[in-house]
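Visitor: return a 3D structure for these sequence lines:
(one chain, ligands or ions: 1)
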Amino acid sequence: MNIGVLGGGQLAQMMAQAGSSLGLSFMFLCPDSHACAAPFGEHLCAPYDDKRAQKRFAKWADVVTYEFENIPLAVVESLHQQISLHPASSVLSVARDRLAEKLLFRALGIPTAKFAPVDSLTKLINALEDIALPAILKKRTQGYDGKGQALLRKSSDLSVAWEKVEKVPCIVESMVAFRRELSIIAARNQKGEIVFYPVSENHHRDGILRLSISRQDDPMQVRAEAKIRSIMDNLDYVGVMALELFQVEDQLFANELAPRVHNSGHGTIEAAETSQFENHLRAICRFPLGKVSSTQTSAMVNLIGRLPVEAQIRKIPGASLYFYGKVERPGRKVGHVTLTGSDCSPEEFDLRLAALLQLVGESELAGRQFFDFTRANSHYLHQI
Ligand code: AMP
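Guide: Model prediction:
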């Protein structure tokens, strides 16, 4: 079967690697001439809206999917009219717009931060009569890794923040004093069957995910599953979805959804019986979903900006190293390391993780005592 992927980054790359054992072939439509997925299939290097490229892509592919939300919606809608495409273009129209996404959560009774749409400085000022400071202003579309956002601490920040988001339609939302940031990933097929991966606890710096830890029996697992299930069922979703959540006391607030494989799920390659990448392909190709049954603690550490010394990482037992073949550049995800803990005690796992974090330059995270959620403490509190 031929799978057409819109995008050619590391998510497309890992999808294609997972697809080889399913006998799938890949074509990537991606305007980047250095697309890191290119060695794993055919690279159609053209702008997404190039009609000739789209025609060739649609003719070749049996099923189309995408690796990120910022593909022009018109392109996805046009392809969807010609060919099987998952997740559906109607899903993308919700997931790429922070307002539509938040309205969906609200309609499903899923708590969120207080929010309001904003399309002028006056509306922003008015919205903040109801939403107290501190708050965050976010572009409705095209934001990722903390880009397209501005923090509002005091009233004098408003006009600078409005300039910073380039005066485009936004939402403003209250700052949530969360205890933990979590994500849950699930795969759903056409029959409505769903498999859930263990919840990940996520740690960001400068708006970029640095570390995800998944442990067995996270106390928020069941609640997170109920929330993602209600969203997937409502959208009649096919494929893998990630739902990003804030834990406030023992309540979960939805922050955003990703209609695709997700960075916090890279550890499923090693820790789960079927990875998120394979289950995404299984769902969109109408193959039976694979078992998830993950029985081990795992952590995923992103390599941001530069690659570490490979030999040092290899000395850490249970570490698997991925380099995406990208040029090093500040703030860019150039690889990741997964650490699994099937052969050691939780204490030993924490020590190995601390060593790994030191080696990749995340010394601030390495020094934290956050590793076991049962030892929850004030380090969970978000400090912006
Ligand atoms: P987002 O692009 O919405 O995922 O935001 C990037 C990061 O900013 C999140 O992972 C959080 O760490 C932080 N953040 C976003 N929205 C909020 C909020 N309403 N309250 C507190 N922190 C937030």
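
Visitor: tell me the residues of this protein that contact the ligand?
Guide: 113, 136, 143, 146, 173, 175-176, 181, 204, 207, 244, 255-256, 382 (Cβ under 6 Å from any ligand atom). C-beta here means a position set from N, CA and C on the backbone, and glycine is covered the same way.

Visitor: quick one, helices of the stretch 151-300 of the chain?
Guide: 158-164, 221-235, 268-271, 276-284 (DSSP state H, counting those that start in this stretch).

Visitor: quick one: list the elements packing against the shortest one.
Guide: The elements that helix 268-271 packs onto, with contact taken as 3 or more Cβ pairs under 8 Å, 6 or more residues apart in numbering; DSSP states H and E, are helix 276-284, strand 333-340.

Visitor: other SSEs contacting the first one?
Guide: The elements that helix 276-284 packs onto, with contact taken as 3+ Cβ pairs under 8 Å, 6+ apart, are helix 10-19, strand 63-66, strand 180-188, strand 239-248, helix 268-271.

Visitor: relative to Gln17, which of the helices of the stretch 151-300 of the chain is closest?
Guide: helix 276-284 (7.2 Å; Cβ to Cβ).

Visitor: show the average pLDDT along that closest one.
Guide: Per-region confidence: helix 276-284 scores 98 on mean pLDDT.

Visitor: do the same with stretch 58-72
Guide: Rounded mean pLDDT across stretch 58-72 is 96.

Visitor: report the buried residues of that stretch.
Guide: Using 16 or more other Cβ atoms under 10 Å as the test for burial, stretch 58-72 gives 58, 61, 63-69, 71.

Visitor: likewise for stretch 329-336?
Guide: Buried-residue list, stretch 329-336, by 16+ other Cβ under 10 Å: 333-336.

Visitor: ok, back up a step: any chance of the residues of the chain next to the ligand in a markdown table, plus pLDDT and neighbour count?
Guide: Listed next are the residues of the chain next to the ligand as a markdown table, based on pLDDT from 0 to 100; neighbours: other Cβ atoms under 10 Å:
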| residue | pLDDT | neighbour count |
| --- | --- | --- |
| Ala113 | 97 | 20 |
| Ile136 | 95 | 21 |
| Gly143 | 75 | 19 |
| Gly146 | 72 | 15 |
| Glu173 | 97 | 21 |
| Met175 | 95 | 18 |
| Val176 | 95 | 18 |
| Glu181 | 96 | 21 |
| His204 | 92 | 14 |
| Gly207 | 85 | 14 |
| Glu244 | 98 | 19 |
| Asn255 | 97 | 21 |
| Glu256 | 96 | 18 |
| His382 | 36 | 13 |
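
Visitor: report how many residues lie close to the closest residue to Glu249 other than its chain neighbours.
Guide: Leaving aside its sequence neighbours, Glu249 sits nearest to Arg179 (Cβ to Cβ, 6 or more residues apart in numbering; 7.0 Å). Neighbours of Arg179 under the rule other Cβ atoms under 10 Å: 20.

Visitor: I figured Arg179 was touching Leu252, is that so?
Guide: No - with contact defined as Cβ atoms under 8 Å, Arg179 does not reach Leu252; the gap is 10.7 Å.

Visitor: any figure for the gap between the residue nearest to Glu249 and the ligand?
Guide: 12 Å (Cβ to the nearest ligand atom, to the nearest Å).

Visitor: buried ones in stretch 150-168?
Guide: Those would be 150, 152, 157-158, 161-162, 165, for stretch 150-168 by 16+ other Cβ under 10 Å.

Visitor: then stretch 138-147?
Guide: 138-141, 143, 145.

Visitor: narrow the residues you listed to those in strands?
Guide: In strands, judged by DSSP state E, the following of these are found: 138-139.

Visitor: kindly reformat the buried residues of stretch 138-147 as CSV containing distance to Leu235.
Guide: Formatted as CSV, the buried residues of stretch 138-147 follow (distance: Cβ to Cβ, whole Å):
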residue, distance to Leu235
Lys138, 22
Lys139, 23
Arg140, 19
Thr141, 18
Gly143, 21
Asp145, 24
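
Visitor: could you identify the most distant pair in the buried residues of stretch 138-147?
Guide: Across the buried residues of stretch 138-147 (Cβ to Cβ), the longest gap, 16.4 Å, separates Arg140 and Asp145.
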